[in-house]
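S.K.: here is my input, please return the structure:
(4 chains)
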Amino acid sequence: MKYVTNVNGKEYSIEILDDHQLCLDGQILDIDFVSIADQPVFSLIIGGKSFEAYVYPGEDDYQVLLQGRSFSIKVEDEREKRLRTAGGSTISESTEYHLKSPMPGMVVSLPISEGQAVTKGQVLVILESMKMQNELKSPRDGTLARVRVKPGDNVEQRQTLLSVV
Amino acid sequence: MKYVTNVNGKEYSIEILDDHQLCLDGQILDIDFVSIADQPVFSLIIGGKSFEAYVYPGEDDYQVLLQGRSFSIKVEDEREKRLRTAGGSTISESTEYHLKSPMPGMVVSLPISEGQAVTKGQVLVILESMKMQNELKSPRDGTLARVRVKPGDNVEQRQTLLSVV
Amino acid sequence: MNKVLIANRGEIAVRILRACRELGIETVAVYSEADRQALHVRYADEAYLLGPAPSRESYLRADKIIDIARKSGAKAIHPGYGFLAERADFAQACLDNGLIFIGPKPSAIAAMGDKAVARATVTKAGVKVVPGTEGEGSLSNESLLAIADKIGFPLLIKATAGGGGKGMREVRNVEEMPRLIDSARREAEASFGDGNVYLEKLVEGARHIEFQILADQHGNVIHLGERECSLQRRHQKLLEEAPSSFVGEDADFREKMGNIAVKAAHAVDYVNAGTIEFLVDKDKNFYFLEMNTRLQVEHPITEMVTGIDIVKEQIRIARGRHLSYTQEDVHQNGAAIECRINAEDPYNSFLPSTGIISHSILPTGPGIRVDTGVYPGFEITSYYDPLISKLVAWGETRGQAILRMRRALEEYRIVGVRTNIPFHQRMMDSHRFMGGQYDTRFVEERFSMEDGDDSKVTNPEIAAVIATLMTHQQLEHSAQIVRRGERDTSNWKWVGRWERMHR
Amino acid sequence: MNKVLIANRGEIAVRILRACRELGIETVAVYSEADRQALHVRYADEAYLLGPAPSRESYLRADKIIDIARKSGAKAIHPGYGFLAERADFAQACLDNGLIFIGPKPSAIAAMGDKAVARATVTKAGVKVVPGTEGEGSLSNESLLAIADKIGFPLLIKATAGGGGKGMREVRNVEEMPRLIDSARREAEASFGDGNVYLEKLVEGARHIEFQILADQHGNVIHLGERECSLQRRHQKLLEEAPSSFVGEDADFREKMGNIAVKAAHAVDYVNAGTIEFLVDKDKNFYFLEMNTRLQVEHPITEMVTGIDIVKEQIRIARGRHLSYTQEDVHQNGAAIECRINAEDPYNSFLPSTGIISHSILPTGPGIRVDTGVYPGFEITSYYDPLISKLVAWGETRGQAILRMRRALEEYRIVGVRTNIPFHQRMMDSHRFMGGQYDTRFVEERFSMEDGDDSKVTNPEIAAVIATLMTHQQLEHSAQIVRRGERDTSNWKWVGRWERMHR
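M.R.: You can find the predicted model right below:
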């Protein structure tokens, strides 16, 4: 199976030949890939080099933590990529972003009002938890919509707070 | 529920009153009993004292490892005990003992022949494993029967080697 | 003193338990409903429930704690840090109930606990303080605004009762000041039950250097050298070193600061372990910042370089014994670094992360010490601070300590919550850190998780391969009918679990 | 030397990896099929498969290891202990292939490896040896029986090629000797591929005391003081201490033994780290036993008391540098104890225990070091030795080290295999151990897991309550219909699992 894998914007062509070999940008390499103790921690021996990484699945990508670095990675098989390129855009770009509370806590303030424009990185909510005030930021540009909380509200982990459309 | 619990020969009368109290030999004590991380390790807070023990279920008893000491414990509910006392003997005393290999290894020697009498603690098999010679001993008096291995045999973990009847 | 109650939780409760056990003293733990399975409860000889998870209903319940001490027959209470550690009323209540408080006298806590009073006290003793508001401390917003102009901007708003950066705000101009006073007061009120704040000149390019003090009941006060604590984020310490590379070989400077620290302790008749914090500018002018009248989070680095067990000394002092050491006995040997491993995501604004620790591998081996209160299966909740562990590395030189810390961070595995280990890894690779070229603003202003100043090789293609192999296995797996009853040893066991939990 | 291959597994491979990493040296691991997920494979920069699990097909494959070194560009090989560490032919093969062998010259390994030759060599240098067979060593059964009478009984049969108690037998009289020679030869053949044995006078009431040696390529030889290793079972060390309480304050005695140890090392032009083992009788007569021409399992206790990183020194020596220390620089500071934590059941004749480690909590905190190669999820198999970890405690005094070890043993949790932790706990509580009153026969002859000489309170009623609560919950659980879909958080989850696995 052939994949096109995008790491922070750079594309790699990776073909899985079998359980023990793959082809990375034209170079054939021996691989041995296992998860450690049934955890999302993976040991990869590739061409004799030993690596270990944490992998966190995201909405439509993976976050790979390797040697103290974080990589945001999207993997597509060739067929998917052809389809997407033909279609001209990904589905995910047109979807709304729902800000979920990463932890239980109390909403301290909402610096922006519903309907206002927000830019990537702008603070949407200040949440108090673990005795600290934490800023929840917008992952992209858009407009603030459906604000479901107000200052003083106690919120649960993963509760949806508002949306960016 | 009332239990009679035998620890290395000494009997304790233990009545479980509810999830938070029990009566030990007439004394009522507060208890809080939990397993740690779904492991056979138990934390007991009893009358304010904090204890932790490993528990290993045996054939008809428990081995409890507490504060570096091992206790062999049989628990019977009162009804069971009455039945057994009426019957005059336990079932387990009349059953055969099947010596199982505690680990994979090679049989080095069998010091006793089939049909011979054995005493508790007598060496039945010498097994080589982990680069060491290990002595497997008889847990009780009896007669050696059904020897299923010979010196030089490789055996699997928990394979039955012989019986004491 | 044959039984001690430890009025705390987490790693510091375990740390104190260990000292007691090694002294043959029995231990009494207290715990909230969230901590039934915590290590300090499991390791203690006795354990008593305080109440529900929130601190106010458990670890801050001084009344219950004193009741438990009496009920259990404990002769002394060790408060650890945080919670009730710097509450003069609690220390007094212990004494009133015939219990030894393992810490300073209530009067010293009170004097140093109100920072305004503290500054006045040490100033009187001839110790220089950072320019700022002095006096009674409970100033109105109007007074604060008026005084601010005299001190000049930038300045800091700080909680009178607080510590650890809580209720602290930095002010660049008078316009933003009213809003910041309000939020500082609110946070101070929430954290300490006291909304009073004061102002302080912000010394820019400053270093935060502190001295560990030990004082017995017989008037002997010594210091155990300094700790460099300039690496902070939002005034929370992240990484500490002993000795300070800024002080370096300048033994006179060290001695001068140490003597002033001892003088400050004497000014309040200090007894037991404490820490004098100084702000130091690039010209080696130093100002008294505050005194922490308790055991400090970062005490292990001092233990590693001096060989002195500070908690055991605390107990010894509380027993009325003389200090085991004179100032001449104290020597700094080698260098130690502490990384605070927090449950927070350095790639997502350091947001706290909660969850059950499903797996963990501690770094071990020569020169490594880990102080922790968690284990695989334990849950990190949002009720308490996010400190998972303190990873300490000792080396014959600072360079060796850094190399050792680097390998320890690389070895450390924690699964189930996000941690700031990658932050520390980036720090250990940073050229400025290696050169000791940093101040209290370094983390926030000149450090980034994205583009560090290190020249370490990254391996994006390896990350790509790992993500691709995962995707591939997942596709293979969904295409395949799992045979019933067959033990599933594939990598995909956890993915299903993960997805059920998080989607 | 910027890349080192580590020809070993388990905790010692991890230990060596750490030293390399802290020196900025790249690491190459080798592994058997059973060790794909072992820590040394995970922590190394590179890793290469050797072959199937049995040592003969993997860790003893000198040819493959040298191939991998060349292929990977490693400049040196560290053999650790065991496996190929004391094989002169392997050391020679390294040199022949242009690789640095991090250890002594092949000639020194050969001279000390054949114990008969070793004894002859050191005798010539004026070092006393235990009376026994000397000369070429490959004696027939008839010759051994003839010589036995001259030495006198009791005596020991020992493997010429061996170490660690393998192929060793104790003989009380001439009648049992033929049978014991046969079994010793068989075990020696199985362990080392060499069935030769020799005889040695059994010094009764003896102490096993050894000296750590460091020697550079420039003729400098120093010792790092002694280790007391008398606590053994079947000639396997279980627990070691530094310094020896038997040597104690007798600095002259220590110096005398140390000087003899250095002399023995000089006798074979020794280079790198090594250990001279002495047998010491109660009158402080001491006899050379053997020299281990490699890093020793128990080296960490010497590191703890001297502050010297022995593995880093080994690499330094192999690089051709001078020793970092002179004899005058070496001081013993405090006391350290090492407990070897083995996968074996002390309540069942110390039978080895295999299985997957399902859970583990390491003791940590001040003065504690754990060297290990395992983690939760890793399987202990019967292919290799049962060493899970080395737990080391340091204290300012021996008494403090014992108290610290006691608390560390109490904290340590390992689930999934049985361990000898209870053995060590009993030992730490034993009055004779506390008094330093023990010899090499103590464990086997005067120590029992059932009735120790300690006066510690036991709590049978607590054990009874725990077993009863388990039974009760089990009955409740089986009586209860588990509602579908409800998360089962009861204690009984594991019981079902356990029963499926073991019944």
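
S.K.: quick one: contacts for A:Thr5?
M.R.: Going by CB atoms under 8 Å, 6 or more residues apart in numbering or on different chains, A:Thr5 touches A:11-14, A:73-76, C:464-465, C:467-468. Backbone N, C-alpha and C define where each C-beta goes, glycine included.

S.K.: pairing partners for whichever strand or helix holds it, with directions?
M.R.: Per DSSP states H and E: A:Thr5 is located in strand A:2-7. Its sheet considered, strand A:2-7 pairs with strand A:10-18 (antiparallel), strand A:69-77 (antiparallel) by DSSP bridges.

S.K.: just give me the neighbour total for residue 22.
M.R.: Reading this off chain A. Look at A:Leu22: counted by other CB atoms under 10 Å in any protein chain shown, it has 23 neighbours.

S.K.: chain C was what I was after
M.R.: Neighbour tally, C:Glu22, other CB under 10 Å: 25.

S.K.: distance of it relative to chain B?
M.R.: 17 Å (CB to the nearest CB, to the nearest Å).

S.K.: okay, that residue: pLDDT?
M.R.: What the model reports as pLDDT for C:Glu22 is 96.

S.K.: now do A:Ile73
M.R.: 95.

S.K.: and for it, the neighbour number?
M.R.: A:Ile73: 25 neighbours (other CB under 10 Å).

S.K.: same question, C:Lys390
M.R.: Neighbours of C:Lys390 (other CB under 10 Å): 23.

S.K.: shouldn't it be within a strand?
M.R.: Yes - counting by DSSP: H, G, I helix; E, B strand; the rest coil, C:Lys390 is part of a strand.

S.K.: residue contacts, C:Ser107?
M.R.: C:Ser107 neighbours (CB under 8 Å, 6+ apart): C:88, C:268-269.

S.K.: which among those residues gets closest to chain A?
M.R.: C:Ala88 (21.4 Å; CB to the nearest CB).

S.K.: follow-up on the earlier one: of the contacts of A:Thr5, buried ones?
M.R.: For the contacts of A:Thr5, a burial check counting by 16 or more other CB atoms under 10 Å in any protein chain shown picks out A:12, A:14, A:73-76, C:464-465, C:467-468.

S.K.: so for C:Thr489, what's the pLDDT?
M.R.: Predicted confidence (pLDDT) for C:Thr489: 44.

S.K.: I'd like the distance between the closest residue in space to C:Val392 that isn't next to it in sequence and D:Arg369.
M.R.: Setting aside the residues directly before and after it, C:Val392 is nearest to C:Arg369 in space (CB to CB, 6 or more residues apart in numbering or on different chains), at 4.3 Å. Distance, C:Arg369 to D:Arg369, using CB to CB, to the nearest Å: 8 Å.

S.K.: neighbours around C:Gly205, how many?
M.R.: Neighbour tally, C:Gly205, other CB under 10 Å: 11.

S.K.: likewise for C:Ala318?
M.R.: Neighbours around C:Ala318, by other CB under 10 Å: 22.

S.K.: can you give me the pLDDT of it?
M.R.: Value for C:Ala318, per-residue pLDDT: 98.

S.K.: surely it meets C:Lys105?
M.R.: No - judged on CB atoms under 8 Å, C:Ala318 makes no contact with C:Lys105 at a distance of 11.4 Å.
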